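Student: From the sequence below, what's the structure:
(4 chains)
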There are 2 protein chains.
Amino acid sequence: MIRASIPEVSDSVFRLSKITDYGIVILAHLGREPEIVTHNAREVAGQVDLPVPVVSKVLKTLARKGLLESQRGAKGGYLLARRPEDLTVADMVAALEGPLAITECNVAPQLCQHEGHCAVKGPWKVINDVMKEALARVTLADLIDPSFPSEITPLQILGRLPRSETGPGVHHD
Amino acid sequence: MIRASIPEVSDSVFRLSKITDYGIVILAHLGREPEIVTHNAREVAGQVDLPVPVVSKVLKTLARKGLLESQRGAKGGYLLARRPEDLTVADMVAALEGPLAITECNVAPQLCQHEGHCAVKGPWKVINDVMKEALARVTLADLIDPSFPSEITPLQILGRLPRSETGPGVHHD
DNA sequence: TATTTACAGGACCGAATCAGTCCGATATGA
DNA sequence: TCATATCGGACTGATTCGGTCCTGTAAATA
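Tutor: As a prediction, this is how the structure comes out:
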């Protein structure tokens, strides 16, 4: 049987890894229930309908990067390290997947052998910054706000006041 | 010997594939020399300092997607199918790498099993659209313009007049 | 018409990356 | 002391990426 042209997920660009995708859903869950002191992996897994080991891995990463605080031992678990308004999508993506860099030369200087005579380096930096900016202006509070507009123009996002560059207490390693 | 923390290219997000990266550099080269009727793969490879088979592959893809016109046979080669002002970065990326979709549910409906009860679907669509928009407002003409600003605020890009949605004569297959 | 040049399309393969699981160690509460 | 949970990382099968190569076809030239 021939599968008619179902779009392949793989050939799309700028796709987040599943881990990142899960991570953001998980953060949204935690943000939506602030009254619970700590959430353990099993409980979260049940809520977001994902296997426990996967959720556990994501939670560990988020804790190591400083987006969550963790409590070990019996009755332990995780909770948000900041208020939802202070946690941007850019922070989440950076924690789970590394820095935003659409080309090699945006990861670090000297990485691309063509950098010296590359004619389009400047424009790429601009585009890279636009994307960073877009992600930095949407917060966890927006993600869990049911009134967050489902139809919005880019200018409405980009026109917001910028958030502080990387937020407080980000743990880079 | 321990390699001190050199950033790994692999753990960065939203990175374009090398093919796409090459493709855009190649398009910039073609756009910069409009007087030449057709460019063949060997010549282009020499100019952008890349292996001929790689350049050939990229050129073929761009021609198939309608961004380039091709001339077969001796004295054959490629040339831009549109004016640089009418070719957006969004077009280039879409041709070389597929549609822009940061999550599965932005590729096509029904692909993600959690779509029905996903609480953050709406915001992702918004973010996705912002990125698309950013890429759609930079053209090949900008890439080859030496005066294209190297420091610019996102609003300066997003504040531009929008280009026509996908441009004329795009060939989707 | 023969020959050469160059594109068209796709097969192919090794390397790298991804997604998910699992394990031993450690910390905490009862 | 035992049960519960996080911590850190190893491990593996599946997928994707990057790059090469091969066969076929079209055009120009002699």
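Student: quick one: residue A:148 and residue A:139 touch, right?
Tutor: No. At 10.0 Å, residue A:148 and residue A:139 do not qualify as touching, with contact defined as CB atoms under 8 Å. Glycine gets a C-beta too; all of them are placed from N, C-alpha and C.
Student: show me where chain A has strands.
Tutor: A:68-71, A:77-80 (DSSP state E).
Student: which one of those strands lies closest to DNA strand C?
Tutor: strand A:68-71 (6.7 Å; CB to the nearest atom of the strand).
Student: Give me the residues contacting the closest one.
Tutor: A:30, A:38, A:59, A:62, A:63, A:76, A:77, A:78, A:79, A:80, A:81 (CB atoms under 8 Å, 6 or more residues apart in numbering or on different chains).
Student: higher neighbour count, residue A:148 and residue A:139?
Tutor: residue A:139 (25 against 15; other CB atoms under 10 Å in any protein chain shown).
Student: surely that one meets residue A:86?
Tutor: Yes. Counting by CB under 8 Å, residue A:86 is a contact partner of residue A:139 at 7.2 Å.
Student: Sketch out the helices for chain A, chain order is fine.
Tutor: Taking DSSP state H, the helices of chain A run over residues A:18-32, A:41-48, A:52-64, A:89-97, A:104-107, A:121-136, A:140-143, A:154-158.
Student: What separation do you get for the closest residue to DNA strand C within chain A and chain B?
Tutor: The nearest approach of chain A to DNA strand C comes at residue A:73, 2.1 Å away (CB to the nearest atom of the strand). With distances taken as CB to the nearest CB, to the nearest Å, residue A:73 is found 30 Å from chain B.
Student: repeat for residue A:60
Tutor: 16 Å.
Student: on that earlier part again, nearest approach to residue A:121 belongs to which of the strands of chain A?
Tutor: strand A:68-71 (36.6 Å; CB to CB).
Student: partners of that closest one, with directions?
Tutor: The pairing partners recorded for strand A:68-71 under DSSP bridges are strand A:77-80 (antiparallel).
Student: Is the strand it pairs with in proximity to DNA strand C?
Tutor: No. Judged by CB under 7 Å from any atom of the strand, strand A:77-80 stays clear of DNA strand C, getting no closer than 10.8 Å.
Student: So what touches that strand?
Tutor: So strand A:77-80 is in contact with A:27, A:30-31, A:34, A:36-41, A:43-44, A:59, A:62-63, A:67-71, A:87, A:140, going by CB under 8 Å, 6+ apart.
Student: Can you turn the buried part of those into a PyMOL selection?
Tutor: The buried residues among these can be selected in PyMOL (16 or more other CB atoms under 10 Å in any protein chain shown) with this line:
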select buried, chain A and resi 27+30+31+39+40+41+43+44+59+62+63+67+68+70+87+140
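Student: and DNA strand C, which of the contacts of strand A:77-80 reach it?
Tutor: residue A:71.
Student: ok so, going back, for DNA strand D, tell me which of the contacts of strand A:68-71 show up nearby.
Tutor: A:59, A:63, A:76, A:77, A:78.
Student: Take those residues and write them to CSV, including pLDDT.
Tutor: Listed next are those as CSV, based on pLDDT from 0 to 100:
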residue, pLDDT
A:59, 98
A:63, 98
A:76, 96
A:77, 96
A:78, 97
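Student: With respect to residue B:135, which of the residues you listed is nearest?
Tutor: residue A:59 (33.3 Å).
Student: which residues touch the closest one?
Tutor: A:26, A:41, A:44, A:68, A:70, A:78.
Student: at 6 Å what do you get?
Tutor: A:41, A:78 (CB atoms under 6 Å, 6 or more residues apart in numbering or on different chains).
Student: So it versus residue A:41, what's the distance?
Tutor: 6 Å (CB to CB, to the nearest Å).
Student: Can you get me a residue count around residue A:17?
Tutor: Neighbours of residue A:17 using other CB under 10 Å come to 13.
Student: show me where pLDDT drops low in chain A?
Tutor: Counting by pLDDT under 70, chain A contains low-confidence ranges at A:1-7, A:10, A:149-154, A:161-173.
Student: Flag every residue of it that's near DNA strand C.
Tutor: A:17-19, A:22, A:51, A:53-54, A:56-57, A:71-76.
Student: Of the residues you listed, which is the most crowded?
Tutor: In those, the most neighbours by other CB under 10 Å go to residue A:22, 20 neighbours.
Student: excluding its backbone neighbours, what's nearest that residue?
Tutor: residue A:58 (5.3 Å; CB to CB, 6 or more residues apart in numbering or on different chains).
Student: Phi and psi next, for residue A:66.
Tutor: phi 90, psi 10 (degrees, to the nearest 10).
Student: how close does it sit to residue A:145?
Tutor: 24 Å.
Student: Of those two, which one has the most company?
Tutor: Neighbour tally, residue A:66 and residue A:145, criterion other CB under 10 Å: the higher count belongs to residue A:66, 18 against 15.
Student: Residue A:92 versus that one, what's the distance?
Tutor: Applying CB to CB to residue A:66 and residue A:92 gives a distance of 12 Å.
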